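[1] Got a sequence here, can you build the structure:
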Amino acid sequence: MHTHIAEAIKKPDLISLRPDVICLRFETMKIYSALGAVRHLLESGAVQPGDTLVDSSSGIYAQALALACHRYGMQCHIVGSTTVDRTLRAQLEILGVTLEQVRPSKNLRLDQELRVRRIAEILEANPSYHWMRQYHDSIHYLGYRDVAATIAREVPDGPLALVGGVGSGASTGAIATYLREAGRDVSLVGVQPFGSVTFGSEHVSDPDMIIAGIGSAIPFRNVRHELYDRIHWVNFDCALSGAVELLRSSGIFAGLSAGAAYLTTRWERSRDASRTHVFIAADTGHRYVESAYARHAEAPDIDTLKPHEITSLDELSHPWSTASWSDLRVPHGS
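    Residues are numbered from 1 along each chain as shown. Next up is the predicted model:
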């Protein structure tokens with residue numbers, strides 16, 4: 001029996017789609033990150049029960065941090081993007097979170113910069129607040145040790161390919177690191193949207209992409225580029241195709257990042273059938289119903305999609321590009 005809802009909903013489901021393709025499905029994955037980080041801060045004495053934790057979020061981390069604060073008796077202040085919808089806003093308010101949203105912006109970089117600027121103002125006015133720095137503080141790796149242990153325990157021995165959205169770098173980076181430290185042969189495959197600076201695609205925009213959480217318009221220090229073996233850049237249409245096919249073929253209703261990861265996994269498996277492929281579905285599909293799933297009839301047939309293998313970042317192009325990361329020049333600042 002669980003003593004708090006956060007402990008119950010954090011646990012992932014491992015779903016075998018075929019013997020060598022497994023979906024690591026979460027209701028909301030970042031709860032692992034938030035719980036592990038808050039627990040570490042309390043145990044180390046960096047914060048005390050009742051203190052206020054503050055951070056920026058486009059939505060998923062806001063819910064995770066709110067539940068972690070509720071679990072450990074902390075106060076929570078979130079500077080949110082305009083993508084924080086009515087359903088989440090109501091939950092945060094009832095949980096006692098102080099939520100403020102920056103002004104609407106169609107530019108992801110401006111949205112993120114406005115949120116970071118507001119965080120600085122809050123900290124100046126409230127020096128006792130603790131900034132969680134989900135994009136930069138490595139304590140957000142800690143919670144994923146349990147996820148790696150679950151994979152090690154439940155997925156048969158042998159080489160793995162772990163596929164997932166890069167985002168802040170904490171989830172895929174941490175899981176792969178802990179598995180490798182335990183002696184597992186792991187190939188790490190990261191998924192990115194076009195327009196993200198993280199792996200050098202900022203010069204190729206995708207105005208339709210609404211999964212900004214797997215990329216970034218500003219550098220994240222929690223992304224350890226050397227951990228990744230291959231990168232796939234996927235646009236909205238391809239991510240939608242993957243999400244629709246995942247639901248149609250398996251019944252798994254997940255977010256667009258899961259669709260992009262599933263699409264990527266199918267291709268990676270066709271290249272290397274010697275590994276068991278585990279792909280991450282970081283959240284459910286509910287917040288993508290109107291913006292994506294309602295357009296399912298427009299989704300391209302997944303069997304017609306094929307990535308463009310590139311040797312230089314200058315060759316990046318829609319709808320889908322891929323490369324061995326070590327073969328490309330690392331962008332300045334990465």
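
[2] Please make it C-alpha for all contacts and neighbour counts, starting now.
    Noted.

[3] Show me which positions of the helix or strand that contains residue 149 end up buried.
    Using DSSP states H and E, residue 149 falls within helix 145-154. Across helix 145-154, burial judged by 16 or more other C-alpha atoms under 10 Å covers 145, 147-148, 151-152.

[4] The helix or strand that it is followed by relative to helix 145-154, how many degrees between them?
    From helix 145-154 onward toward the C-terminus, using DSSP H and E, the following helix or strand is strand 160-165. Here strand 160-165 points in a direction 140 degrees away from that of helix 145-154 (axes from the mean of the first three to the mean of the last three C-alpha atoms, to 10 degrees).

[5] what mean pLDDT does the helix or strand following strand 160-165 have?
    Counting by DSSP H and E, the element after strand 160-165 in chain order, helix or strand, is helix 170-181. When pLDDT is averaged over helix 170-181, the result is 97.

[6] Report the buried residues of the worst-scoring helix or strand of the chain on mean pLDDT.
    Counting by mean pLDDT, DSSP states H and E, the weakest-scoring helix or strand in the chain turns out to be helix 108-125, with a mean of 85. Of the residues in helix 108-125, 108-109, 111-112, 114-116, 118-119, 122 count as buried by neighbour count, 16+ other C-alpha under 10 Å.

[7] same thing with stretch 197-208?
    197-202, 204, 206.

[8] Give me the contacts around it.
    With C-alpha atoms under 8 Å, 6 or more residues apart in numbering as the contact definition, stretch 197-208 has outside contacts at 192-196, 215-220, 223, 233, 235-236, 313, 316-317, 330-331, 334.

[9] Buried subset of those as a PyMOL selection?
    Here is the PyMOL selection string for the buried members of those, based on 16+ other C-alpha under 10 Å:
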select buried, resi 192+193+194+195+196+215+216+217+218+219+220+223+233+235+236+313+316+317
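
[10] Narrow the contacts of stretch 197-208 to those in strands?
    Mapping those onto strands (DSSP state E) picks out 192, 233.

[11] Straight-line length of stretch 280-290, end to end?
    22 Å (C-alpha to C-alpha, to the nearest Å).

[12] what's the average pLDDT for that stretch?
    On average, stretch 280-290 scores 92.

[13] Can you dump the C-alpha atoms of stretch 253-271 in CSV for me?
    Taking Å, rounded to 0.1, in the frame of the first residue of the first chain, the C-alpha atoms of stretch 253-271 are listed here in CSV:
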residue,chain,number,x,y,z
PHE,A,253,-2.5,6.3,-25.4
ALA,A,254,0.6,8.4,-24.9
GLY,A,255,2.0,11.8,-25.7
LEU,A,256,3.6,13.0,-28.9
SER,A,257,7.1,12.4,-27.6
ALA,A,258,6.1,8.7,-27.2
GLY,A,259,4.9,8.7,-30.8
ALA,A,260,8.3,10.1,-32.0
ALA,A,261,10.1,7.6,-29.8
TYR,A,262,8.0,4.7,-31.2
LEU,A,263,8.7,5.8,-34.8
THR,A,264,12.4,6.0,-34.0
THR,A,265,12.4,2.6,-32.3
ARG,A,266,10.9,0.9,-35.4
TRP,A,267,13.7,2.3,-37.5
GLU,A,268,16.4,1.6,-35.1
ARG,A,269,15.2,-2.0,-34.8
SER,A,270,15.3,-2.4,-38.5
ARG,A,271,19.0,-1.4,-38.4
